[in-house]
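**Student:** Coordinates for the following, if possible.
(2 chains)
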Number of protein chains: 2
Amino acid sequence: MASVEELQRKVRELEVKLAAAQGTTGPVRQKIDVMSSEVVDSNPYSRLMALKRMGIVDNYEKIRELSVAVVGVGGVGSVTAEMLTRCGIGKLILFDYDKVELANMNRLFFQPHQAGLSKVDAAAATLQNINPDVTIDAYNYNITTVENFQKFCDTIRTGSLTGGSVDLVLSCVDNFEARMAINTACNELNQKWFESGVSENAVSGHIQFIVPGETACFACAPPLVVASKIDEKTLKREGVCAASLPTTMGIVAGFLVQNTLKYLLGFGTVTHYLGYSALTDFFPTMGLKPNPQCDDNYCRIRQKEVQARPPVVELATEVTEDDSPVHADNEWGISLVDENVPEEEPTNLNLVDGVQLAYSVPVDNETPESSTGGAVAASELSLEELMKQMKSM
Amino acid sequence: MASVEELQRKVRELEVKLAAAQGTTGPVRQKIDVMSSEVVDSNPYSRLMALKRMGIVDNYEKIRELSVAVVGVGGVGSVTAEMLTRCGIGKLILFDYDKVELANMNRLFFQPHQAGLSKVDAAAATLQNINPDVTIDAYNYNITTVENFQKFCDTIRTGSLTGGSVDLVLSCVDNFEARMAINTACNELNQKWFESGVSENAVSGHIQFIVPGETACFACAPPLVVASKIDEKTLKREGVCAASLPTTMGIVAGFLVQNTLKYLLGFGTVTHYLGYSALTDFFPTMGLKPNPQCDDNYCRIRQKEVQARPPVVELATEVTEDDSPVHADNEWGISLVDENVPEEEPTNLNLVDGVQLAYSVPVDNETPESSTGGAVAASELSLEELMKQMKSM
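**Tutor:** Numbering: from 1, shown residues only, chains lettered A, B, ... in the order given. Next up is the predicted model:
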């Protein structure tokens, strides 16, 4: 006969299973009208509102008025959306057109029972359960087709809680075309956005803050202007796939949302480019100036608008807690873009350690042996070397 | 206390409810005997096995033989456990004695429907659904009591898949006593472990690799040896709580698991101390030598054992892809521990930017105004300043 201890364990076990089973249908927490600082077990916002008492954020409640679009709800985008949801963002707008697969289970967020569902629908359901206070819109289409691109632009332009532009667009896509579509839209709409990416070998990644006219756009930097049709679907058809790790993708999502919070809530310093090289725990940062000869017409228009403006402090953010020296990575004001940059062969990329391309380097379809490796892992160069070169100029 | 009959009735009742609730949920995936590299949508390991083709990891399948203990399944520990589960770790052993609350919903992993469940049981159920190939043991007790400490040591010593020591212990706890208990156990058992922590103001964190006798243990460094009774429960009783963010905790968990993977699978370089300062995106690294006068007797024994060993390359890891310069943070071989360190007043801590204490600084219970701030946010000093001081010595 079972002992009391065994039965108690069994009861606990069944309670957990029951809660899990009910999770998809059962009751979730009620909506909360006003964010409270009260320290009780039932308040999901107490640890966030404590940021005010700690002197980090002046007005945390402001987050409920803000809207963020997340484009791509894969390994980085899903975790990005979850972090923003748990932080209590006012509105999330999700874009993706892919389905959940078991092959995605090596990254955070999606679970096996969601295999076969559309990523945006599955994500929206999970996120709404986690925080019913967030308004979540989910769009299940490919933003790069002509028709959908216009719908995408309209949604960015009118998607805020008050019918205006969203406060920020976060790019979490895995291919060049989608990044170019976001770039084109954001230049035209004068919309601030973050680019993010993870390398095909899974051990590096980056985020980049793009302010049209003020910082390099995705079309500004020559090494980025490379035609590529390689995305995950193409790779899969060839029987290969990029490597990925929940660690690298979770870290990149963390960097992305942390800098999003710093920008939206006005604390700390927003980093313009932050890289992550997992093998050596190296974190390059740099500034990227816009290219006056950028191919994107709206980028050049935004640059002229910025030049015509009276000078202001760059970015509406300030360090509220800490005025200690920043990691001195960029005393030369490194810019990968320059008026004198020659139009080089894009195949001869001169990138280095800790700095990787935001997307796949194109593979010549006529050389099958090179395509078995999928997209080529970005070549890498050290920021130290880059700085040495700048210094000797 | 409930009788056996009452408990049996409760079990039957729950079983009926569970069957009804499960009718609405889909099946989870079946166990997989052998990790495959095949690129099909149904293979949850294709993106991990691709690390071999990419030249990052020689033998990824080895992960199935390895066992990791995660102590503390809160904001950092739960994400740590999920990452390891999705990576296909052989065995996970979870320790915690807390319950899930809605107040935890500002961090990743737990969901509102799990409120009230024990953290280890709720985590084990979710993780087992995500990856049924992982063996998961969950222990719902406080490791710091005398009786439980012995059970904890025995589990670490015999918890591997083959009945030996686990391969690594990951500390994800939120208080000093638990860290000291893990430190004591690991010194005695000669067990390698990682310490991790996040500051009370939610905007910094760190991980630290501790190899008994080779690197500073948790009791070695004087600023760390401070009596503290402040944990989250104590803070809550006083009507205050530490701030926390899903970003910072996700990033620290990512660093922890990434370095765990590098150590266990032998790629890249394992970082001994990696800090994260969110406000400025600053990532201090350093080395920490053991203190020959450490209070922990087993630490001193391990140091003598290491000294008696023929010299070997430190850490059984190597850079497989990349021999570029590591972030040059530590050319002075900074050690916070020194034979000549005076026994200073622990309240007069001289820490700086990017380096924070692994736990709460003690608050004098007799001064209520200081305790309303919860544990004091660790004072901070810049690594640059520290290096300048070292240089001028």
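
**Student:** Please report the distance of A:V146 from A:T126.
**Tutor:** A:V146 is 32 Å from A:T126, where distance means CB to CB, to the nearest Å. Backbone N, C-alpha and C define where each C-beta goes, glycine included.

**Student:** Compare neighbour counts for these two and give me the winner.
**Tutor:** Higher neighbour count among A:V146 and A:T126: A:T126, with 20 against 6, using other CB atoms under 10 Å in any protein chain shown.

**Student:** what helix or strand is that one on?
**Tutor:** Per DSSP states H and E: A:T126 is located in helix A:119-130.

**Student:** Identify each buried residue in that helix, please.
**Tutor:** Using 16 or more other CB atoms under 10 Å in any protein chain shown as the test for burial, helix A:119-130 gives A:119-124, A:126-130.

**Student:** Same question for stretch A:30-37.
**Tutor:** Buried, per 16+ other CB under 10 Å, within stretch A:30-37: A:32, A:35, A:37.

**Student:** What of stretch A:57-67?
**Tutor:** Buried residues in stretch A:57-67, counted by 16+ other CB under 10 Å: A:57, A:60-61, A:63-64, A:66-67.

**Student:** Could you pull up the mean pLDDT of it?
**Tutor:** For stretch A:57-67, the mean pLDDT works out to 97.

**Student:** Convert the C-alpha atoms of it to CSV, please.
**Tutor:** The C-alpha coordinates for stretch A:57-67 follow below in CSV (Å, rounded to 0.1, in the frame of the first residue of the first chain):
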residue,chain,number,x,y,z
VAL,A,57,13.1,54.0,-14.7
ASP,A,58,11.1,57.2,-13.9
ASN,A,59,7.7,56.2,-15.3
TYR,A,60,7.5,52.4,-15.9
GLU,A,61,3.7,52.6,-16.5
LYS,A,62,4.3,54.4,-19.7
ILE,A,63,5.1,51.0,-21.3
ARG,A,64,1.3,50.4,-21.5
GLU,A,65,0.9,53.2,-24.0
LEU,A,66,3.6,51.9,-26.4
SER,A,67,3.4,49.7,-29.5
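
**Student:** List of residues touching it?
**Tutor:** Applying CB atoms under 8 Å, 6 or more residues apart in numbering or on different chains, the external contacts of stretch A:57-67 come out as A:34-35, A:48-49, A:51-52, A:87-93, A:133, A:159-161, A:166-168, A:261, A:264-267, A:320.

**Student:** Now the element after the helix or strand harbouring A:V16, going C-ward?
**Tutor:** Using DSSP H and E, A:V16 falls within helix A:4-23. Note on helix A:4-23: by DSSP H and E, the next helix or strand toward the C-terminus is helix A:46-53.

**Student:** So what touches that following helix?
**Tutor:** A:35-40, A:57-61, A:87-88, B:103, B:106-107, B:201-202, B:240-245, B:373.

**Student:** And the helix holding A:V16, what does it pack against?
**Tutor:** helix B:4-22, helix B:119-130 (3 or more CB pairs under 8 Å, 6 or more residues apart in numbering or on different chains; DSSP states H and E).

**Student:** which stretches of the stretch 51-200 of chain A form strands?
**Tutor:** A:67-71, A:91-95, A:135-139, A:168-171, A:193-198 (DSSP state E, counting those that start in this stretch).

**Student:** The fourth one and chain B, any residue contact?
**Tutor:** Okay, so that is strand A:168-171. No: counting by CB under 8 Å from any CB of the partner chain, chain B has no neighbours in strand A:168-171; the shortest distance is 12.9 Å.

**Student:** Can you give the strand pairings for that strand, parallel or anti for each?
**Tutor:** Paired strands of strand A:168-171, with direction, are strand A:67-71 (parallel), strand A:193-198 (parallel) (DSSP bridges).

**Student:** Report the helix or strand with the lowest average pLDDT across chain A.
**Tutor:** helix A:368-371 (a mean of 32; mean pLDDT, DSSP states H and E).

**Student:** So which bits of the stretch 51-200 of chain A are right by chain B?
**Tutor:** A:51, A:53-56, A:79, A:82-83, A:86-88, A:101-103, A:105-108, A:111-113, A:115, A:126, A:129-131, A:200.

**Student:** Narrow those residues to those that are buried.
**Tutor:** By 16+ other CB under 10 Å, those give A:51, A:53-54, A:56, A:79, A:82-83, A:86-88, A:101-103, A:105-108, A:111-113, A:115, A:126, A:129-131, A:200 as buried.

**Student:** Out of those, list just those in helices.
**Tutor:** Using DSSP state H, the subset of these located in helices is A:51, A:53, A:79, A:82-83, A:86, A:126, A:129-130.

**Student:** Which two of those have the greatest separation?
**Tutor:** A:R53 and A:T126 (30.4 Å; CB to CB).

**Student:** and stretch A:282-296, how far from the chain's centre?
**Tutor:** Distance of stretch A:282-296 from the chain centroid (CA atoms, centre = their mean, to the nearest Å) equals 17 Å.

**Student:** If you could redo that for stretch A:244-256, that was the one I meant.
**Tutor:** Distance, stretch centre to chain centre, for stretch A:244-256: 9 Å (CA atoms, centre = their mean).

**Student:** how much space between A:A81 and chain B?
**Tutor:** Going from A:A81 to chain B by CB to the nearest CB, to the nearest Å gives 11 Å.

**Student:** And for that residue, the neighbour number?
**Tutor:** 32.

**Student:** Quick check: it touching A:K91?
**Tutor:** No: the criterion here is CB atoms under 8 Å, and A:A81 misses it with A:K91 at 11.6 Å.

**Student:** possible to save the ones in helices among the buried ones among the residues of the stretch 51-200 of chain A next to chain B as CSV with distance to A:D281 and pLDDT?
**Tutor:** What follows is those, written out as CSV (distance: CB to CB, whole Å; pLDDT from 0 to 100):
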residue, distance to A:D281, pLDDT
A:L51, 27, 96
A:R53, 32, 93
A:V79, 20, 98
A:E82, 24, 98
A:M83, 22, 98
A:R86, 26, 98
A:T126, 31, 95
A:N129, 35, 94
A:I130, 30, 96
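
**Student:** Now the residues you listed in TSV, please, with extra columns for distance to B:R9.
**Tutor:** Shown next, in TSV, are those (distance: CB to CB, whole Å):
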residue	distance to B:R9
A:L51	47
A:R53	47
A:V79	42
A:E82	39
A:M83	43
A:R86	38
A:T126	34
A:N129	31
A:I130	34
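
**Student:** In this structure A:V79 contacts B:A253, no?
**Tutor:** No: shown here, A:V79 and B:A253 do not form a contact pair, counting by CB under 8 Å, at 11.1 Å.

**Student:** Please identify every residue contacting each of the two.
**Tutor:** Common contact partners of A:V79 and B:A253 (CB under 8 Å, 6+ apart): A:G250.

**Student:** tell me the contacts of A:K119?
**Tutor:** A:73-74, A:78, A:96, A:98-100, A:110.

**Student:** which stretches of the stretch 201-350 of chain A aren't confidently modelled?
**Tutor:** Residue ranges of the stretch 201-350 of chain A with pLDDT under 70: A:222-237, A:312-350.

**Student:** would you list every one of the strands in it?
**Tutor:** Secondary structure of the stretch 201-350 of chain A (DSSP E, counting those that start in this stretch): strands at A:204-210, A:273-277.

**Student:** Now do the nearest residue to A:P132 once chain neighbours are set aside against B:P112, distance only.
**Tutor:** Spatial nearest neighbour of A:P132, excluding adjacent residues (CB to CB, 6 or more residues apart in numbering or on different chains): A:K31 at 5.0 Å. Counting by CB to CB, the gap from A:K31 to B:P112 is 12 Å.

**Student:** cool, A:I32 as well?
**Tutor:** 12 Å.
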